[in-house]
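>>> got a predicted structure here, sequence first:
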Amino acid sequence: MPFSIPSQYSSQANTGYLALFNIGTTASPPVYSAIAEIKSFAPDFISMAEIPTTHLLSLNNTEEFIPSLIKPGKVTFGGNWIGAASQLNITTLAVNQTIFPFQIIAPVQRNSKTYTVTGNGFVSNYKNGPFEINKAIEFSVEIQMTGSYTETVA
(Lines give C-alpha, C1' and ligand atoms only; values in the text may rest on other atoms or scores of the structure.)
Protein backbone atom coordinates (compact mmCIF):
# COMPACT_ATOMS: atom_id res chain seq x y z
CA MET A 1 0.00 0.00 0.00
CA PRO A 2 1.50 3.41 -0.91
CA PHE A 3 2.25 5.98 1.75
CA SER A 4 -0.32 8.80 2.10
CA ILE A 5 1.10 12.15 3.10
CA PRO A 6 -0.82 13.56 6.09
CA SER A 7 -2.20 17.08 6.05
CA GLN A 8 0.39 19.67 7.08
CA TYR A 9 -0.17 22.81 9.09
CA SER A 10 1.74 25.55 10.91
CA SER A 11 2.12 25.30 14.68
CA GLN A 12 -0.09 27.46 16.87
CA ALA A 13 2.25 27.17 19.88
CA ASN A 14 3.02 29.95 22.35
CA THR A 15 5.78 30.62 24.80
CA GLY A 16 4.97 31.20 28.47
CA TYR A 17 5.50 34.94 28.03
CA LEU A 18 2.62 36.98 29.57
CA ALA A 19 1.25 34.01 31.55
CA LEU A 20 0.06 34.79 35.08
CA PHE A 21 -0.06 32.79 38.28
CA ASN A 22 -2.57 34.29 40.71
CA ILE A 23 -3.45 33.53 44.31
CA GLY A 24 -6.97 34.34 45.44
CA THR A 25 -8.58 35.42 48.66
CA THR A 26 -10.89 33.11 50.58
CA ALA A 27 -13.79 35.54 49.97
CA SER A 28 -16.68 34.50 47.77
CA PRO A 29 -16.10 35.20 44.97
CA PRO A 30 -12.31 35.20 45.37
CA VAL A 31 -10.25 38.24 44.40
CA TYR A 32 -7.10 37.15 42.55
CA SER A 33 -3.69 38.87 42.63
CA ALA A 34 -0.59 38.00 40.64
CA ILE A 35 2.57 36.94 42.45
CA ALA A 36 5.31 39.48 41.64
CA GLU A 37 8.30 38.64 39.43
CA ILE A 38 7.46 35.01 38.63
CA LYS A 39 9.85 33.58 36.04
CA SER A 40 8.25 30.17 35.65
CA PHE A 41 5.50 27.92 36.92
CA ALA A 42 4.68 24.31 36.25
CA PRO A 43 1.44 22.58 37.18
CA ASP A 44 1.56 18.82 37.72
CA PHE A 45 -2.20 18.36 37.88
CA ILE A 46 -2.76 14.63 38.20
CA SER A 47 -1.06 11.47 39.29
CA MET A 48 -2.82 8.16 39.28
CA ALA A 49 -1.60 4.83 40.61
CA GLU A 50 -2.33 1.58 38.90
CA ILE A 51 -4.25 -1.08 40.83
CA PRO A 52 -3.14 -4.64 40.04
CA THR A 53 -6.05 -6.90 39.07
CA THR A 54 -4.17 -9.85 37.59
CA HIS A 55 -5.70 -13.26 38.26
CA LEU A 56 -4.72 -16.82 37.49
CA LEU A 57 -6.54 -16.82 34.16
CA SER A 58 -5.50 -13.37 32.88
CA LEU A 59 -5.24 -13.31 29.10
CA ASN A 60 -1.96 -14.04 27.32
CA ASN A 61 0.11 -14.44 30.49
CA THR A 62 -0.16 -10.66 30.97
CA GLU A 63 -0.63 -8.61 34.14
CA GLU A 64 -3.76 -6.49 34.35
CA PHE A 65 -4.33 -3.07 35.93
CA ILE A 66 -7.13 -0.59 36.48
CA PRO A 67 -6.76 3.11 37.33
CA SER A 68 -6.94 4.30 40.93
CA LEU A 69 -8.59 7.48 42.15
CA ILE A 70 -6.97 10.65 40.88
CA LYS A 71 -4.43 12.11 43.30
CA PRO A 72 -4.31 15.91 43.02
CA GLY A 73 -0.87 17.10 42.02
CA LYS A 74 1.27 20.08 42.85
CA VAL A 75 1.90 23.43 41.23
CA THR A 76 5.40 24.87 41.50
CA PHE A 77 6.42 28.42 40.74
CA GLY A 78 9.40 30.64 41.28
CA GLY A 79 11.07 33.84 40.29
CA ASN A 80 12.97 36.87 41.48
CA TRP A 81 12.67 37.50 45.23
CA ILE A 82 12.00 41.22 45.75
CA GLY A 83 10.07 41.13 49.04
CA ALA A 84 6.80 42.27 47.45
CA ALA A 85 3.59 41.92 49.47
CA SER A 86 2.40 39.12 47.17
CA GLN A 87 5.59 37.19 47.93
CA LEU A 88 5.49 37.85 51.68
CA ASN A 89 1.90 36.56 51.74
CA ILE A 90 3.22 33.05 50.98
CA THR A 91 4.57 32.70 54.53
CA THR A 92 1.29 33.98 55.98
CA LEU A 93 -0.69 31.42 53.99
CA ALA A 94 1.64 28.61 55.12
CA VAL A 95 1.69 29.59 58.81
CA ASN A 96 -2.12 29.82 58.89
CA GLN A 97 -2.49 26.52 56.98
CA THR A 98 -4.79 28.35 54.59
CA ILE A 99 -6.44 26.50 51.72
CA PHE A 100 -6.77 29.15 49.04
CA PRO A 101 -7.86 29.40 45.41
CA PHE A 102 -5.27 29.78 42.67
CA GLN A 103 -5.60 30.71 39.02
CA ILE A 104 -3.45 30.36 35.92
CA ILE A 105 -4.10 32.60 32.93
CA ALA A 106 -2.06 32.22 29.76
CA PRO A 107 -2.34 33.14 26.09
CA VAL A 108 -2.55 30.13 23.76
CA GLN A 109 -2.99 29.42 20.04
CA ARG A 110 -0.78 32.30 18.94
CA ASN A 111 -2.41 34.70 21.43
CA SER A 112 -5.84 34.15 19.88
CA LYS A 113 -7.30 32.38 22.94
CA THR A 114 -6.94 32.40 26.73
CA TYR A 115 -6.20 29.32 28.83
CA THR A 116 -7.57 29.53 32.38
CA VAL A 117 -7.10 27.07 35.24
CA THR A 118 -8.65 27.40 38.70
CA GLY A 119 -8.18 25.17 41.71
CA ASN A 120 -7.50 25.17 45.44
CA GLY A 121 -4.41 24.29 47.40
CA PHE A 122 -2.09 25.07 50.27
CA VAL A 123 1.60 25.97 50.52
CA SER A 124 3.58 22.76 50.94
CA ASN A 125 7.09 24.08 50.28
CA TYR A 126 8.74 27.50 50.21
CA LYS A 127 12.39 28.29 49.52
CA ASN A 128 14.17 31.60 49.38
CA GLY A 129 17.67 32.16 47.98
CA PRO A 130 20.48 31.52 47.37
CA PHE A 131 21.92 34.93 48.12
CA GLU A 132 24.93 35.18 45.82
CA ILE A 133 27.18 37.67 44.08
CA ASN A 134 26.13 38.54 40.52
CA LYS A 135 22.90 36.60 40.66
CA ALA A 136 19.32 37.68 41.36
CA ILE A 137 17.91 36.32 44.61
CA GLU A 138 15.30 33.73 43.72
CA PHE A 139 12.42 31.98 45.47
CA SER A 140 10.35 28.87 44.81
CA VAL A 141 6.98 27.70 46.08
CA GLU A 142 5.10 24.43 45.85
CA ILE A 143 1.33 24.29 46.24
CA GLN A 144 -0.36 20.99 47.00
CA MET A 145 -3.73 20.90 45.26
CA THR A 146 -6.59 19.82 47.53
CA GLY A 147 -9.02 18.45 44.94
CA SER A 148 -10.11 18.76 41.36
CA TYR A 149 -9.46 21.77 39.13
CA THR A 150 -11.11 23.30 36.07
CA GLU A 151 -9.44 24.35 32.86
CA THR A 152 -10.91 26.21 29.90
CA VAL A 153 -9.76 27.68 26.63
CA ALA A 154 -11.86 30.56 25.32
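That came through fine. Residues are numbered from 1 along each chain as shown.

>>> so where do the helices sit in the protein?
85-95 (DSSP state H).

>>> name the residue closest to the centre of it, please.
Geometric centre of the chain, nearest residue: residue 43, 1.8 Å, by CA atoms, centre = their mean.

>>> give me the neighbour count for the spatially closest residue to that one that is not a sequence neighbour.
In this structure, residue 43 finds its nearest non-sequential neighbour in residue 75, 4.5 Å apart by CB to CB, 6 or more residues apart in numbering. Quick note: C-beta positions are derived from backbone N, CA and C, even for glycine. Neighbours of residue 75 under the rule other CB atoms under 10 Å: 23.

>>> can you give me the strands in this protein?
Counting by DSSP state E, the chain has strands at residues 20-24, 32-34, 38-47, 50-52, 65-67, 71-80, 100-108, 113-128, 138-145, 150-153.

>>> ok, which of these comes nearest residue 86?
strand 32-34 (5.8 Å; CB to CB).

>>> what's the average pLDDT for that closest one?
Averaging pLDDT along strand 32-34 yields 95.

>>> now that strand: how far from the chain's centre is it?
Chain-centre distance of strand 32-34: 15 Å, with CA atoms, centre = their mean, to the nearest Å.

>>> okay, residue 93 and residue 24: tell me how far apart.
Taking CB to CB, to the nearest Å as the measure, residue 93 falls 11 Å from residue 24.

>>> between those two, which contacts overlap?
Common neighbours of residue 93 and residue 24, using CB atoms under 8 Å, 6 or more residues apart in numbering, are residue 100.

>>> who has more neighbours, these two?
For residue 93 versus residue 24, the count of surrounding residues by other CB under 10 Å is larger for residue 93: 19 against 16.

>>> picking that back up, so which of the strands of the chain gets nearest residue 14?
Proximity to residue 14 (CB to CB) singles out strand 100-108 among the strands of the chain, at 5.5 Å.

>>> hmm, who's touching that closest one?
Contacts of strand 100-108 (CB under 8 Å, 6+ apart): 12, 14, 16, 18-26, 30, 32, 41, 43, 75, 93, 113-122, 143, 153.

>>> sorry, back to before: shouldn't the residue nearest to residue 43 be in contact with residue 44?
Yes - counting by CB atoms under 8 Å, residue 75 touches residue 44, with 7.1 Å between them.

>>> skipping adjacent residues, who's closest to residue 19 in space?
Nearest to residue 19 is residue 106, by CB to CB, 6+ apart, at 3.7 Å.
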